[in-house]
Every structure is written in C-alpha cells, then in structure tokens.
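Visitor: Model the structure of this input:
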Amino acid sequence: MNSLFKLSIFITSFLPLWLSVLFIDVLNIVRHEQSLCTEYISIAILIIINLFSILIIKMSMKNLKDIDYTNYKIKEAYLEKGITSEYLLSYILPLFAFDFTKWDSVVQFLIYFSILSFLCIRNNNVYANLIFEFGRYRFYSCELVWASELKSGSITGIVISKDNLTAKKGHIINIAVLNKPFFLMKS
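Guide: Model prediction:
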C-alpha cells in the first residue's frame, strides 16, 4: 500500500474545515458577493479531493485479502483519545484565520497546509478522522508480538479497530498492514 492512504486519512481528517469552507463558499454564491470564481473552484476541488480520499480509504480497507492478515498478541494497547481535541485546537481552528474567498489568502493557506500535510504524514500524525468515527473505528497505539513467535521482538503500531483493544491485552488479534505504522484489525 502506498502513501496515498496516509494522505487520504490526512485530507479527510480536515472534514470539519472543508465543510465550513463549503458553507462559506455557498453562502457567498447565494449572496452574489465579489468574484465567484474562487468559490466555484474551491467547491469543485474540495468535493473531488474528499471523494477520492474517502474512496482510497474504503478501497484500501476493502481490498485486503485473508492472506494479508496475521495473528499478533497484544502486549499493550492505548486508545488515542486525547488527540482529537488537541488536533482540532492545534490544526483545524487556526485554519479558520484564512479568508477562503480571496486568492491571496487561499495561496497562503495552501502553503501552510502543504507544510502541515508533509509534517503530519511523515510523522504519522493522522489520528483524528470523522470517516473512521462514523464507521465506529478507533485508533489504538499498540505493542504487538507475532503470535507464531511469541519470543520474538515486539513491534509498535497504530491499530484501527472497532473492538476495544485496551480490554484485549494478552489476546490474539488478526491484523493487516494498511500503511506502516497503520494496521487494520479484522472484524
């Protein structure tokens, strides 16, 4: 799996911002304010990029075969819960400072967003995501040991699961690599 998965998770993690920008753009179109070219381009790009991102996430998860899954024993598991509010306050709220109805502000936003996306994707900082929340998935930081070789070294990763993995410490789970360090638990 390539880094398109990480990029897609990153893009869809900004869904609250994208919905707000769409609302502002539609409001400007209805009010016939200023030149509407920026609004139409913005709406089209946001819809296309988010639909492709959601499709990539869904296809990445759906295309996993039984052979892709491996049994691992959970040594430690921590729910990534505090990251959501931290993520919203640190990353999304500051982006509202940009005026998405003006070209120069859009360019400034794109510079800032490009740097932020590079850093977040490179450092695997993409935990808060409404697409996964709607699907009842949670992100868990886990220390795992390959079930076939329990004496082997452990690995750490982020397991995306519908099950509460903090309650499954010591249990064997079946996971597949989505894009390291992301794993998907078989339901």
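Visitor: just the strands in the chain please.
Guide: Listed from the start of the chain, the chain has strands (DSSP state E) covering 70-79, 138-146, 155-161, 172-179, 182-185.
Visitor: right, and those strands - which one's nearest residue 113?
Guide: strand 172-179 (20.6 Å; CB to CB). C-beta coordinates here come from the backbone N, C-alpha and C atoms, glycine included.
Visitor: circling back: closest one to residue 14 among the strands of the chain?
Guide: Closest of the strands of the chain to residue 14 is strand 138-146, at 16.3 Å (criterion: CB to CB).
Visitor: quick one: strands adjacent to that closest one?
Guide: Partners of strand 138-146 in the sheet, by DSSP bridges, are strand 70-79 (antiparallel), strand 155-161 (antiparallel).
Visitor: Which of the residues in it are classified as buried?
Guide: 138-145 (16 or more other CB atoms under 10 Å).
Visitor: one step back: export the strands of the chain as JSON lines, with columns for mean pLDDT and distance to residue 99.
Guide: Shown next, in JSON lines, are the strands of the chain (pLDDT from 0 to 100; distance: least, CB to CB, whole Å):
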{"stretch": "strand 70-79", "mean pLDDT": "92", "distance to residue 99": "37"}
{"stretch": "strand 138-146", "mean pLDDT": "90", "distance to residue 99": "33"}
{"stretch": "strand 155-161", "mean pLDDT": "90", "distance to residue 99": "35"}
{"stretch": "strand 172-179", "mean pLDDT": "89", "distance to residue 99": "34"}
{"stretch": "strand 182-185", "mean pLDDT": "89", "distance to residue 99": "35"}
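Visitor: Make TSV from these and add distance to residue 40 to it.
Guide: Shown next, in TSV, are the strands of the chain (distance: least, CB to CB, whole Å):
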stretch	distance to residue 40
strand 70-79	41
strand 138-146	35
strand 155-161	35
strand 172-179	34
strand 182-185	35
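Visitor: picking that back up, highest mean neighbour count out of the strands paired with strand 138-146?
Guide: Neighbour counts (mean count of other CB atoms under 10 Å) averaged over each of the strands paired with strand 138-146 peak at strand 155-161, with a mean of 19.
Visitor: okay, the angle between it and strand 172-179?
Guide: Per axes from the mean of the first three to the mean of the last three CA atoms, to 10 degrees, the angle that strand 155-161 makes with strand 172-179 is 90 degrees.
Visitor: just how off-centre is strand 155-161 within its chain?
Guide: 14 Å (CA atoms, centre = their mean, to the nearest Å).
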